[in-house]
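Colleague: all I have is the shape, not the residue letters:
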Ligand code: B1M
């Protein structure tokens, strides 16, 4: 049954049908499906397919935006359920998360923030297209333990390396753990730039952060 729901959700997104996507997300919750699995198996795969079609020149930016809007509509329905399932847990630590400068991709980063919140982290999601200096200022202001950087473009992942350099130059490298992720980011890249952690998806981002904080 779950496979059929994932597949319907997938199809609603590639058909740019936000209402249908919301309806299926609601039905999935009513049927007791795991909302994070609905994101991983239905929504993410649909957006990946849209990305492939975009690369191949079979769809263009407006279609990509419509698919993203349908995905966001479904995530909006799943969000309260994910938080509810997290329940009230001990606070694991404070995390600041942002998409780096020059990059406006929000969906994956927002899902990482959501899953971390549900796991018991206090999360400050400061949004997309954030300069490294702004990220560092926000980390200081909110007194976080961990800084999470997301990037979806091969042209913007160098901002992550520059952020770690900024921490070093500011004498703050030991104050924060830095975790990086997003489609073009790999474990090798994370190691190469000296990040403390890397995760390929939201549940793993939460696990890695927990481990980094010794929880
Ligand atoms: Co864009 N885009 N896009 N786009 N877009 C990609 C990334 C692309 C791969 C599509 C393609 O060509 N195949 C391509 C990048 C190519 C490259 O750099 N190699 C691309 C491009 C080129 C562009 C534009 C430049 C297009 C243009 O204008 N000509 C433009 C860039 C604008 C900018 O940022 N300056 C652009 C714009 C857009 C939209 C606005 C239309 C829209 C974003 C809407 C929004 O976010 N509100 C969009 C979308 C939707 C995509 C694709 C199709 C889907 C991204 C997504 O939401 N995936 C994407 C193709 C793809 O990724 N295969 C594509 C679903 C999401 C759940 O997954 O974001 O990977 P993801 O997040 C995952 C993991 O990566 C991980 O966990 C998440 C949840 O499991 N993760 C982390 C993410 N952040 C993490 C942080 C962590 C840990 C894990 O720790 C902190």
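Modeller: Structure's in. What do you need? If you're wondering where the values come from, they're calculated on a predicted model, not measured in any experiment.
Colleague: alpha carbons only for contacts and neighbour counts from here, please
Modeller: OK.
Colleague: tell me which helix or strand comes right after the longest strand anywhere in the chain.
Modeller: Longest strand in the chain, counting residues (DSSP state E): strand 93-99. In the C-terminal direction, the helix or strand that comes right after strand 93-99 (DSSP states H and E) is helix 107-119.
Colleague: which positions in this structure make contact with the ligand?
Modeller: Within the chain, the positions near the ligand by CA under 6 Å from any ligand atom are 44, 47-48, 50-52, 54-55, 61, 64-65, 68, 102-109, 111-112, 148-150, 152-155, 179-183, 199-202, 205.
Colleague: and if we set it to 5 Å?
Modeller: Contact residues, the chain versus the ligand (CA under 5 Å from any ligand atom): 44, 47-48, 51-52, 55, 64-65, 68, 103-109, 148-150, 152-154, 180-183, 199, 201-202, 205.
Colleague: just the buried members of these?
Modeller: Those of the residues of the chain next to the ligand that meet the buried threshold are 44, 47, 51, 64, 68, 103, 105-106, 108-109, 148-150, 152-153, 180-182, 199, 201-202, 205, by 16 or more other CA atoms under 10 Å.
Colleague: max-length helix in the protein?
Modeller: For the chain, the helix with the greatest residue count under DSSP state H is helix 61-86.
Colleague: let me know the angle separating the helix or strand harbouring residue 47 from helix 107-119.
Modeller: Here residue 47 is covered by helix 44-55, with elements defined by DSSP H and E. Per axes from the mean of the first three to the mean of the last three CA atoms, to 10 degrees, the angle that helix 44-55 makes with helix 107-119 is 170 degrees.
Colleague: ok, residue 177 - contacts?
Modeller: Contact analysis of residue 177 by CA atoms under 8 Å, 6 or more residues apart in numbering lists 145, 146, 147, 195, 196, 197, 212.
Colleague: check contacts around the second one.
Modeller: Applying CA under 8 Å, 6+ apart, we find residue 146 in contact with 93, 94, 95, 96, 176, 177, 178, 179, 209.
Colleague: separation between the residue nearest in space to the middle of the chain and residue 101?
Modeller: The chain has residue 109 as the residue nearest its centroid, 2.4 Å off, counting by CA atoms, centre = their mean. Residue 109 sits 14 Å away from residue 101, going by CA to CA, to the nearest Å.
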